[in-house]
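J.: Would you be able to build a 3D model of this:
(2 chains)
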Number of protein chains: 2
Amino acid sequence: MTTVAVVGATGAVGRTMVSLLGERAFPAEHLRLMASARSAGASLETWLGEVEVEDLAQADPDGVDVALFSAGGDRSREHAERFVDAGAVVIDNSSAFRMEPNVPLVVVDVNDEAAGHHEGIIANPNCTTMTLMMAAAPLHETAGLVSVVVTSYQSVSGSGQQGVTELLGQIEHFGKDIDSMMGGGWEEPGLGVYPRPIGYNVLPFAGDEQEAGYTTEELKLVNESRKILSLPDLAVEPTCVRVPTLVGHGVAATLRFERRVSADEAMAVFVSAPGVALWKDRTPTPLDSAGIDDVLVGRVRETIGEPGGINLWAVADNLRKGAALNAVQIAELLV
Amino acid sequence: MTTVAVVGATGAVGRTMVSLLGERAFPAEHLRLMASARSAGASLETWLGEVEVEDLAQADPDGVDVALFSAGGDRSREHAERFVDAGAVVIDNSSAFRMEPNVPLVVVDVNDEAAGHHEGIIANPNCTTMTLMMAAAPLHETAGLVSVVVTSYQSVSGSGQQGVTELLGQIEHFGKDIDSMMGGGWEEPGLGVYPRPIGYNVLPFAGDEQEAGYTTEELKLVNESRKILSLPDLAVEPTCVRVPTLVGHGVAATLRFERRVSADEAMAVFVSAPGVALWKDRTPTPLDSAGIDDVLVGRVRETIGEPGGINLWAVADNLRKGAALNAVQIAELLV
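T.: Numbering: from 1, shown residues only, chains lettered A, B, ... in the order given. As a prediction, the model looks like this:
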């Protein structure tokens, strides 16, 4: 008699959570959907029939067994505690609790066992971290990870629906005026969620500046990777870049280990890693990852500058494994 | 009484060469334009008036002092020698001769002195290498470069006009059918110069596969960097990625040196580096580099995983500093 609640049910990640719960035949008898007052009253089609969206602020958490939160950090900080007090386990997709010592940060197929030690809240990692971890963890298990240099190619849906709208609006703004773009005479498009244009452009700055010139998004990659892998001293050099793609977060990573790892060994590891699909003959791209549960790994190469490490590329659907899928997989661990 | 020839004058780089020669008041009395038979007979407007395009195969190189070649490696291999035999210095933008021991590979403002040792041919480096070198060389001069991890964000104009046409065509193909892209139900667009879609996508594979999984484009970054900096053992880990931008090649680089370099020191170096503009308060993007001669450097950060190095971002107009501008600058060194 499990009751599952999806909080932030009308957002891109929330809607993906609802459809994944259905697709994966999650053993819930009751589904409750919650969102801000603005969205309350609407009805969503689900595998349990039509369900009306409740106003989160008014919703009584009594009876909820598992609550999947994807409504932003502020809402998580405001409401997660009362769900926990009412007996629910909260799986939170925001960054609000990720670094709390008593909150497990779980990538399913990487550190599932951590989920057992929760005190009511389990955190879902950052979408780019998730992609990196799915590729790095199986190799870490084999050879002991020492350092990671990682650069990202993050899609606009990582910034929510606003990011998608902004990219499409700017593509339309620039239109076919190629000469002005290429010659530098382009007209500034309207800006919203991003501080600089993202249409026909890349923005090597994601999140807010935090310390020593690094952004929130980059420090998540450092701190969350260390926590997930239980490697508090892992050396991570992060650069996060937004690119004009709609879905799929890619990472290029240079990985070094306690011992030499060959490309053949690394590829053999990926072949048997759960949740990972190794592409050997084609290069996986963000569009290939859209709608796919697996993290796609390709371009596995031995390092050539300083031998012994691995250079690779990994890409995942940031709305699925990068967010909704992993949250649903955590819920599956609980029931 | 200098005569300059532009070979491949009707291509994107060739046309930029012609306009830069005029903009920069290159001291030429005569300008000759050459291209394939297909383009011969056309007239181009230049700072020396209208000039008719000659058929390269038929053109007599007699009297040419400096020939700027940007017509692809095959044409360079076929025709450069007869220009040299006729007394011209050939500045070649293709990869045909770059690694020949008797051919200097010159980034102006980095290793100008190398240009003095030519035997008739001087090679213009790869566009991504050029961007990296302009940022790495001033720091190398100060602190001794030891290793580079570099990932690129390369625009489609690096593949010529076909790349531009392919991106725009695919943007139109995908249109506003956002749901199918985001859900994975997208229809394959027509492919031409790229083996996978580039519209709303990134392609972490540039050039052809060469050895150990690395591409031609990646090995250029390794080998050309070593030659330009006279560092035959420089450790370079390259990953080249094509992104859906029209112009501007960006690189994210992790640089390590013989000694510790602080962010402040690195930024002070960039402030006085010729041909480099340091952006401190805004992040330079590919669109910002369009039509600009300087290489834009930003996001200068001390490494946080293993302290002592520098993480940075650099971006340059691949048709200007990345190709035509540097070639014209080499020509300026000669006259």
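J.: which SS class is the residue in the stretch 1-150 of chain A that chain B sits nearest to?
T.: Using C-beta to the nearest C-beta, the single residue of the stretch 1-150 of chain A nearest to chain B is residue A:149, 4.5 Å away. No exception for glycine: its C-beta is placed from N, CA and C like everyone else's. Under DSSP: H, G, I helix; E, B strand; the rest coil, residue A:149 falls in the strand class.
J.: mind listing what it touches?
T.: For residue A:149, the contact set (C-beta atoms under 8 Å, 6 or more residues apart in numbering or on different chains) comprises A:236, A:237, A:253, A:254, B:149, B:237, B:254, B:305.
J.: Save those as JSON lines, and put in distance to residue B:321 too.
T.: Formatted as JSON lines, the contacts of residue A:149 follow (distance: C-beta to C-beta, whole Å):
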{"residue": "A:236", "distance to residue B:321": "31"}
{"residue": "A:237", "distance to residue B:321": "26"}
{"residue": "A:253", "distance to residue B:321": "28"}
{"residue": "A:254", "distance to residue B:321": "26"}
{"residue": "B:149", "distance to residue B:321": "22"}
{"residue": "B:237", "distance to residue B:321": "23"}
{"residue": "B:254", "distance to residue B:321": "22"}
{"residue": "B:305", "distance to residue B:321": "30"}
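J.: Let me see the confidence value for the residue nearest the centre of chain A.
T.: Nearest to the mean C-alpha position of chain A, counting by C-alpha atoms, centre = their mean, stands residue A:127 at 1.8 Å. Turning to residue A:127, the model gives it a pLDDT of 96.
J.: For burial, what's the neighbour tally of the nearest residue to residue A:24 once chain neighbours are set aside?
T.: Setting aside the residues directly before and after it, residue A:24 is nearest to residue A:328 in space (C-beta to C-beta, 6 or more residues apart in numbering or on different chains), at 6.3 Å. For residue A:328, the count of nearby residues is 26 (other C-beta atoms under 10 Å in any protein chain shown).
J.: my guess is residue A:328 meets residue A:23, correct?
T.: No: using C-beta atoms under 8 Å, residue A:328 is not in contact with residue A:23, being 9.0 Å away.
J.: and stretch A:18-35, how far apart are its ends?
T.: Between the start and the finish of stretch A:18-35 there is a gap of 13 Å, counting by C-alpha to C-alpha, to the nearest Å.
J.: Contacts for it, please.
T.: Outside stretch A:18-35, the residues touching it (C-beta under 8 Å, 6+ apart) are A:1-11, A:14, A:42, A:44, A:46-48, A:51-56, A:59, A:63-64, A:66, A:71, A:320, A:324-325, A:328, A:331-332, A:335.
J.: Got a ChimeraX select line for the buried ones in those?
T.: In ChimeraX syntax, the buried subset of these is picked out as below (16 or more other C-beta atoms under 10 Å in any protein chain shown):
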select /A:3,4,5,6,7,8,9,10,11,14,44,46,51,53,54,56,59,64,66,71,320,324,325,328,331
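J.: Around chain B, which positions in the stretch 1-150 of chain A sit nearby?
T.: Counting by C-beta under 8 Å from any C-beta of the partner chain, the stretch 1-150 of chain A comes close to chain B at A:147, A:148, A:149.
J.: Make a markdown table out of those residues and add pLDDT.
T.: Compiled in a markdown table, these are given as follows (pLDDT from 0 to 100):
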| residue | pLDDT |
| --- | --- |
| A:147 | 98 |
| A:148 | 98 |
| A:149 | 98 |
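J.: so where's the stretch 1-150 of chain A uncertain?
T.: A:1 (pLDDT under 70).
J.: please redo it, this time with the cut-off set to 90
T.: For the stretch 1-150 of chain A, the stretches with pLDDT under 90 are A:1, A:12.
J.: how far away is residue A:125 from residue B:182?
T.: Distance, residue A:125 to residue B:182, using C-beta to C-beta, to the nearest Å: 21 Å.
J.: Neighbour count: the two, which is higher?
T.: Higher neighbour count among residue A:125 and residue B:182: residue A:125, with 27 against 23, using other C-beta under 10 Å.
J.: Which secondary structure state is assigned to the closest residue to that one other than its chain neighbours?
T.: Ranked by C-beta to C-beta, 6+ apart and with sequence neighbours excluded, the top spatial neighbour of residue A:125 is residue A:224, at 5.0 Å. Three-state assignment for residue A:224 (three-state DSSP): helix.
J.: Who are the contact partners of residue A:224?
T.: Residue A:224 touches A:98, A:99, A:105, A:125, A:126, A:129, counting by C-beta under 8 Å, 6+ apart.
J.: ditto for residue A:209
T.: By C-beta under 8 Å, 6+ apart, the neighbours of residue A:209 are residue A:215.
J.: For the stretch 51-200 of chain A, which residue gets nearest to chain B?
T.: For the stretch 51-200 of chain A, the residue closest to chain B is residue A:184, as judged by C-beta to the nearest C-beta, at 2.5 Å.
J.: Pretty sure that residue sits against residue B:296.
T.: No: taking C-beta under 8 Å as the definition, residue A:184 is not a contact partner of residue B:296, at 11.8 Å.
J.: More neighbours: those two, which one.
T.: residue B:296 (27 against 16).
J.: measure the more buried one to residue A:189 for me?
T.: 20 Å.
J.: repeat for residue A:213
T.: Residue A:213 is 26 Å from residue A:189, by C-beta to C-beta.
J.: Which one's more surrounded, these two?
T.: Comparing residue A:213 with residue A:189 by other C-beta under 10 Å, the one with more neighbours is residue A:189, at 20 against 17.
J.: before we move on, what SS does the more buried one have?
T.: Secondary structure, three-state DSSP: residue A:189 is coil.
J.: same thing with residue A:146?
T.: With three-state DSSP as the basis, residue A:146 sits in strand.
J.: If you drop the residues flanking it in sequence, what lies closest to it?
T.: Counting by C-beta to C-beta, 6+ apart, residue A:256 is the residue found nearest to residue A:146 once chain neighbours are left out, at 4.9 Å.
J.: tell me the contacts of that neighbour?
T.: A:145, A:146, A:147, A:148, A:303, A:308, A:309.
J.: roughly how far apart are it and residue A:233?
T.: Relative to residue A:233, and taking C-beta to C-beta, residue A:256 is found at 13 Å.
J.: what comes up buried for the longest helix seen in chain A?
T.: Ranked by residue count, the top helix of chain A under DSSP state H comes out as helix A:127-143. Within helix A:127-143, the residues scored as buried using 16+ other C-beta under 10 Å are A:127-140, A:142-143.
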